[in-house]
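Engineer: Using only what follows, build the 3D model:
(chains A and B)
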Amino acid sequence: MTSTTARKKDSLRPWAVGVWLVLWQGVSMLLTAVYPHGSLLLAPPVSAALRLCELLPALDFWRTILHSTARIFGGFLLSCILGVLLASLAAANRRVREFLAPAVLAVKTVPVASFIILALVWLDSDALSFFISALMVFPPVYLNVLEGIRQMDRQLLEMADVFHVPLRRRLWGIGVPQVYPYFRTAMSLALGLCWKAGAAAEVIGLPNGSIGERLYNAKIYLRTPDLFAWTAAIVTLSVALEKLCLLAADRLAGKAADEWNCKR
Amino acid sequence: MELQAVNVCKAYNGTPVLQNVTFTAGRGVTCLMAASGGGKSTLLHIFLGLVRPDSGTVKTVPRWGAAFQETRLLEHLNAANNLQFVLGPDMSGAAALLARLGLDLSDERPVRAYSGGMKRRLSLARALLVPSDALALDEPFAGLDEESHARCLACVREAAEEKPVLLATHAPADTQGFPVIRL
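Structural biologist: Numbers count the residues shown, from 1 in each chain, chains lettered A, B, ... in the order given. Next comes the predicted model:
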């Protein structure tokens, strides 16, 4: 079975999503029947969908989306660049690898809430989600790219050495095709992570006009339909950006390889 | 241009692979003959600078053309791109040599779609085309049919008129007419 087929088989099935929505609706109706304000505990999916429909035409909704996306996605991009650069350095130099190892381990193991609170002491709340997103994205990108470089075909590198192939040609002929799958996997994983961590940072730091602030307000005023509507917006953004980024990266890697093949 | 090995020794995990190998190879084909695992590839790799001998010295050249036992082609690229990877933009003579070896430079298929024999011939073509002072050919005719074998051998003979060629093989048929170093 190819990985694409496996991916398709593992992807979301409409019937399964439907069953979960029906279950959600059922539990919400049960809570409403048992408690006087049961719908506050768990808003039904229909209310959440209606609330999202109300929010969609509002300019403020899009401004909030843009505010959070710019910071969280900005952190993701910065970390991707840093992760690739430092992984390349670490692969070439053992001391760099040893120097970075404790920092990467710390970011991987320390709870994100600790970093958020610490960062709140240092930074303006507006920069918080950018910083936290970048922090969470760095380890998977760095570690995956480093592993990709380590797993490169040594025999091909030896061949390039024997034929004195210039660095640029080695990069596009051997490096990119062999390391890119590792980077792609890291990107997919990191995009989910950065939204989770970035939104959590915004809920704690409460920057003005952010999705996190909207989530916090939903909790304060017990507006559970709002909570679900904003959560749905985050999930949609995360999935859409993941698809877009992977598509763009695939195109870029393919185009770069094609250009290299033509020009050299 | 001359290649020389003086008392070259190499062992892997305490098992000797090469013991006091000494020879000199000038222009022309010199066959390195041994059974499988007999140290032919190791000796070629020592000349190519990929392996360090435990003791002894080699006199080598700065620029090698090499055909490796495992072919070492970029499987995702086509024949032309594989050659361009080592040759750069100057592909003069590539189309003619590939045609002599029964390959087509305009074949767009990635090398991973090639048969074992086609890969071996492409690997040999790459070694012959790259500007070099000597050739290291590791089992370059393994798995080739009679016609391909003859074509490849003719190309190697031509190249050997200008430079030293070390040809590692375990097949006595490959060594006919050439000096043989038994390892």
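Engineer: drop to CA atoms for contacts and neighbour counts, all remaining ones
Structural biologist: Will do.
Engineer: Now for residue 168, how many residues are close by?
Structural biologist: In the absence of a named chain, chain A is used. Each residue near residue A:168 was counted by other C-alpha atoms under 10 Å in any protein chain shown, and the total is 12.
Engineer: ah, I was thinking of chain B
Structural biologist: Neighbours of residue B:168 using other C-alpha under 10 Å come to 27.
Engineer: The one 5 residues further on now?
Structural biologist: If you count neighbours by other C-alpha under 10 Å, residue B:173 ends up with 8.
Engineer: And what about it, helix, strand or coil?
Structural biologist: Secondary structure, DSSP: H, G, I helix; E, B strand; the rest coil: residue B:173 is helix.
Engineer: Which strands or helices does the helix or strand containing residue B:24 pack on?
Structural biologist: Using DSSP states H and E, residue B:24 falls within strand B:15-25. Using 3 or more C-alpha pairs under 8 Å, 6 or more residues apart in numbering or on different chains; DSSP states H and E as the contact criterion, the elements in contact with strand B:15-25 are strand B:3-12.
Engineer: Report the rounded mean pLDDT for the strand it packs on.
Structural biologist: Mean pLDDT, strand B:3-12: 95.
Engineer: returning to what we had before: CA atoms only: put the strand holding residue B:24 into PDB for me.
Structural biologist: Extracted as PDB, the C-alpha positions of strand B:15-25 are listed here (Å, rounded to 0.1, in the frame of the first residue of the first chain):
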ATOM      1  CA  THR B  15      40.000  -9.300   9.500                       C
ATOM      2  CA  PRO B  16      42.700  -8.500   6.900                       C
ATOM      3  CA  VAL B  17      41.300  -7.500   3.500                       C
ATOM      4  CA  LEU B  18      44.500  -6.300   1.800                       C
ATOM      5  CA  GLN B  19      47.900  -7.500   2.800                       C
ATOM      6  CA  ASN B  20      51.100  -5.800   1.500                       C
ATOM      7  CA  VAL B  21      49.600  -5.000  -1.900                       C
ATOM      8  CA  THR B  22      52.300  -3.500  -4.100                       C
ATOM      9  CA  PHE B  23      52.000  -2.700  -7.800                       C
ATOM     10  CA  THR B  24      52.500   0.000 -10.400                       C
ATOM     11  CA  ALA B  25      50.000   0.800 -13.100                       C
END
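Engineer: what sits up against it?
Structural biologist: B:2-11, B:37-39, B:42-43, B:56, B:164, B:166, B:181, B:183 (C-alpha atoms under 8 Å, 6 or more residues apart in numbering or on different chains).
Engineer: ok, 6 Å please
Structural biologist: With contact meaning C-alpha atoms under 6 Å, 6 or more residues apart in numbering or on different chains, strand B:15-25 is reached by B:2-11, B:39.
Engineer: Kindly report the same for stretch A:196-215.
Structural biologist: By C-alpha under 6 Å, 6+ apart, stretch A:196-215 touches A:64, A:67-68, A:72, A:116, A:125-126, A:129, A:133, A:216, A:227.
Engineer: neighbour-wise, which of those leads?
Structural biologist: Most surrounded of those: other C-alpha under 10 Å gives residue A:129, at 35 neighbours.
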